[in-house]
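Visitor: Sequence first, predicted coordinates after that:
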Amino acid sequence: MAEFLQFTFSGLTVGAIYALVALGFTLIYNASDVINFAQGEFVMLGGMVTVFAAAAGIPLPLAALLAIAVAVTVGMLLHRLAIEPARGATAVTLIIITIGASILLRGLAATFFDKNFHSLPPLIRSEPWMVGGAALLPQSVVVLIGTAVIVAALWSFLTRTMTGKAMLATASNRLAARLVGINTSAIVGLSFMVSAAIGAIGGILAAPITLTNYDVGTLLALKAFAAAMLGGMGNPLGAVAGGLLLGLLEAFGAGYLSSQYKDAIAFIVILFVLFVRPQGLFGKIGVERV
Amino acid sequence: MRTLLAASAALIALTTSTLAEIKIGSVLSVTGPASFLGDPEKKTLEMYVADINAQGGVNGEKIKLFIYDDGGDANKARTFATRLVEEDKVDAVLGGSITGTSMSMLGVFDEAGIPYISLAGAAGIVIPVRKWVFKTPHTEPMSCGKIFDDLKKRNLLNIAMISGTDGWGKAMREECIKMAPQFGVKVLKDEIYGAADSDMTPQLTNIKNTPGVQAVINCGFGQGPAIVTRNYRQLGIIAPLYQSHGVSSKSYIQLAGAAAEGVRLPAGATIIADQLPDSDPLKKVVTAYKNKFEKATGQPVSTFGGHMHDALFILVEAMKRAKSADKAKVRDEIEKTKGFVGTGGMVNMSPTDHLGLDLDAFRMIEIRNGDWALIR
Amino acid sequence: MIVVAIALVVLLLPLILPSSFYYRVLALVFINALAVVGLNLLMGFAGQVSLGHAGFFGIGAYSVALGPTYLGIPSWAALIGGTMLSALIAFVVGRPILKLKGYYLAVATLGMGLLISMVFTNEAGVTGGPNGMPVPRLQLFGWRVFGSQTWYWISGISLIIGAWVAVNLIASPTGRAFRAIHDSETAARVLGIDVARYKLLAFVLSAIYAAVAGSYFSLFDGFVTPNTASFLLSIEFVVMAVLGGLGSILGSVVGAAILVMLPQVLTVFHDYEHIVLGLILIVFLIFLPSGIVPAIATRFGRRTT
């Protein structure tokens, strides 16, 4: 039982970070049909800017805010300078543009920061809590609560505000949204900024546990993409569920089956799920229009 | 006639300018997952070559560097190796930050007859001996042997292992498992983690629940060992933890924080420069290197840049003894390197040993109060 | 027409190549182009995404390493065996995977590629793990095949053949079926096209191209590492195909040429290499969103395939 709990804690912590990145994928996908492969770089920026701002003497909370601001600006610039000018291009072309952006951002981070790994002090400095014989990190709880708060905030933004509703409208039918007077291009830009903010917050929360460097985004993007598809593309709750599930799969795979093939186990489950439900766990079945 | 003269003058100027230059090539993993090796190696090389050139070069000739970044990809490394040989026409090559890139390049230099000193760990680079191939760092069997010696001394013979899937972690894990019986060491549990994983709690939980484990060895490099060390303490495992020299840089202690207290590892003397007794033959070299690197880069010294330091000076001294940069002569002189004191230890090469380091060069180090402490 | 153009380039380039380094880079261009031509059949013509093609490339690469080393079979036989194995895996996995659409297909192929690369990385006892393993040289009729010039010709001629097969296939009824599926699966089905069968055919064909290219790649290097099956290489193939132009065979060659040669050119930027590479990708695709070759072709008012 103790080990089951331990694997669960581990899986949920890692899964929460996947969930935040997957959430970012989903928002941008809903607004524009694009998978933004630079999503992992927002997480990297969150962690790295905080680390270097703090090292420059800025108090940690301010450094974190600065990092979020930097990521949001980068998200806005990415949309304004790279996605918007290529309007009308196919989704595949736009995806390759985001891959170019991801290479560019990694290059910039390697040059202007450094190539070493860095850590941030945890929010609550304390020894791990023992729960049912398993060690629970205070920072893990911070990550989980942070994820829950972000999801709740996003939910109320999407359902309570006009802008949020415009985002949902754009997601469900772009043409109709444009017809009722929604500036869909601005909505896409906004989705990039919100995704960047979510990614950056994820990066800041996770850095005390997972460490950060200029290169952390690549693998995170890959895993989170898988998580988003597992949950069902386009559904924010699916993204969160997919992220947590992927984290748990990896932890239980490593703990109970084979630590060497834990990633394989996770992907075999994903493949199996997709064979049974080709639209992911919570996705809608798309209808092809001829 | 005048144009002919001018042309021949230009030609002479061209040939003399190429004559008065020693070309040294280097292919390093400056970016990618092994950038924490390639980055200090590149900085070390540039720093010392600038110095040597400021002092008039080697045998009166300035050194010109050709440095390429392979990003950790063996195929890219081989393409750059071909470029060094065919295009840049270098006189010697230093580098190959990791085993994979070194192994894919060494054939190119061996066929072309260019002296090559690798900075990668694997013993397989110099065993079997290849005429033109040398290396400077300690190998996996050395690391395993040193750790097992220490385990025997402390009578901790039942161990568990946790290894990364990076090249270094994989190679060292296999070597340790192979060597364990010779030392009477039993491996009770053998766990693996992905090189870029961010949580090793499940693997360590299994180790914790294995009865009889007296010590744990972590084979790996990069950020993995730092996370292993943190998770290890978080789970409250009390058995002593051993790392390999893959973590011998200050950033490991910074990342692992208080969790690193009491961790032991075998490593070259670079990181404990100031703690060496004055009688230690290495003291002068490692102190000089440490001070120079830290002043020039503002970053704490690691043993990795030291591998480049040693390779460069083995080469430079061989060129001085050969009184030229002639490839065959320089190769012969590298092979005759005797009593060379580098940051990794005393180097005595021979036609059958293109590494020339023995286990004495390796020190057992414990982390105490956030710093390295030499175990005497 | 396109095949002739490629053939002329392969034949005439050696007249201006100054050293065997250039032969090496071009041989790598041809080898990558071969894999990308195959991928283009799948992505550009049949309209199915694959983010796992390096998996097939890796199978080809490791088959010529493992076959001769452990089974004692000659390299050329191992190459054929590896290609057949790739085709078989594509056939078996393809059926269920190709039912998925768009990004779901992308993630499924990604998972397949990761599984393959994980085997090469983890089974270190056989494959040497992340450090890789040496590949015995190819021997044909007692002739030891090595060197950049030799491989320039082998890969160049193979690319010409590969492009010729692809161009002819596209012009055939099969090619028309591919494009019908690309435009609309439902419409294709209404027209009586066996959609599942044609998608599978495109997948298997592209796996064969990738496997042959992978075998060449590791025979040429004489050394193989799991990078040959890595996710990043899969992405690189897709970038080559899109940059050159999906649905254009010549585009695949151009895309491969640019992405293979750029890192060699960008070394002048030293530490800023990756920044420049990223910028180039973005700028090219903003101004030539349909890919280099199709964009130029429309500008000159011609249609090419």
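Guide: Thanks, I have the structure now.

Visitor: contacts, neighbours, all on C-alpha from now
Guide: Fine.

Visitor: So what pairs up with residue 118 in the strands?
Guide: No chain was given, so I picked chain A. In this entry, residue A:118 is beta-bridged to residue A:212, by DSSP bridges.

Visitor: other chain: chain B
Guide: Going by DSSP bridges, residue B:118 forms beta bridges with residue B:135.

Visitor: any idea how far it is from residue B:27?
Guide: From residue B:118 across to residue B:27, the span is 10 Å (C-alpha to C-alpha, to the nearest Å).

Visitor: Give me the common contacts of these two.
Guide: B:94-97 (C-alpha atoms under 8 Å, 6 or more residues apart in numbering or on different chains).

Visitor: of all those, which comes closest to residue A:173?
Guide: Top of the list for closeness to residue A:173, among these and by C-alpha to C-alpha, is residue B:97 at 52.2 Å.

Visitor: Backbone dihedrals for that closest one, please?
Guide: phi -70, psi -30 (degrees, to the nearest 10).

Visitor: correct me, but it touches residue B:26?
Guide: No - Residue B:97 lies out of contact with residue B:26 (C-alpha atoms under 8 Å); the separation is 9.7 Å.

Visitor: of these two, who's got more company?
Guide: Legend: neighbour count by other C-alpha atoms under 10 Å in any protein chain shown for residue B:97 and residue B:26, higher for residue B:97 (31 against 26).

Visitor: what ranges of chain A fall below the confidence cut-off?
Guide: Within chain A, the ranges that satisfy pLDDT under 70 run A:285-290.

Visitor: For chain A, what lies in contact range of chain B?
Guide: A:3, A:6-7, A:10, A:14, A:115-119, A:127-128, A:134-135, A:137, A:209-211, A:215, A:219, A:251-252, A:254-255, A:259-260 (C-alpha under 8 Å from any C-alpha of the partner chain).

Visitor: Report the buried members of the residues you listed.
Guide: A:3, A:6-7, A:10, A:14, A:115-119, A:128, A:134-135, A:137, A:209-211, A:215, A:251-252, A:254-255, A:259-260 (16 or more other C-alpha atoms under 10 Å in any protein chain shown).

Visitor: where do the strands sit along the chain?
Guide: In the absence of a named chain, chain A is used. Secondary structure of chain A (DSSP state E): strands at A:129-131, A:134-136.

Visitor: meant chain C actually
Guide: Taking DSSP E, the strands of chain C run over residues C:133-134, C:138-140, C:143-145, C:223-224.

Visitor: neighbouring strands for the second one, and are they parallel or not?
Guide: This points to strand C:138-140. Here strand C:138-140 has these sheet partners by DSSP bridges: strand C:143-145 (antiparallel).

Visitor: Please identify the residues of the stretch 101-250 of chain C in proximity to chain A?
Guide: Residues of the stretch 101-250 of chain C found near chain A (C-alpha under 8 Å from any C-alpha) are C:101, C:103-104, C:107-108, C:111, C:114-115, C:118, C:122, C:184, C:186-187, C:239, C:242.

Visitor: re earlier: deepest-packed of the strands of chain C, please.
Guide: Mean neighbour count (mean count of other C-alpha atoms under 10 Å in any protein chain shown) peaks for strand C:223-224 among the strands of chain C, with a mean of 28.

Visitor: Which other helices and strands does it contact?
Guide: helix B:99-112, helix C:53-66, strand C:133-134 (3 or more C-alpha pairs under 8 Å, 6 or more residues apart in numbering or on different chains; DSSP states H and E).
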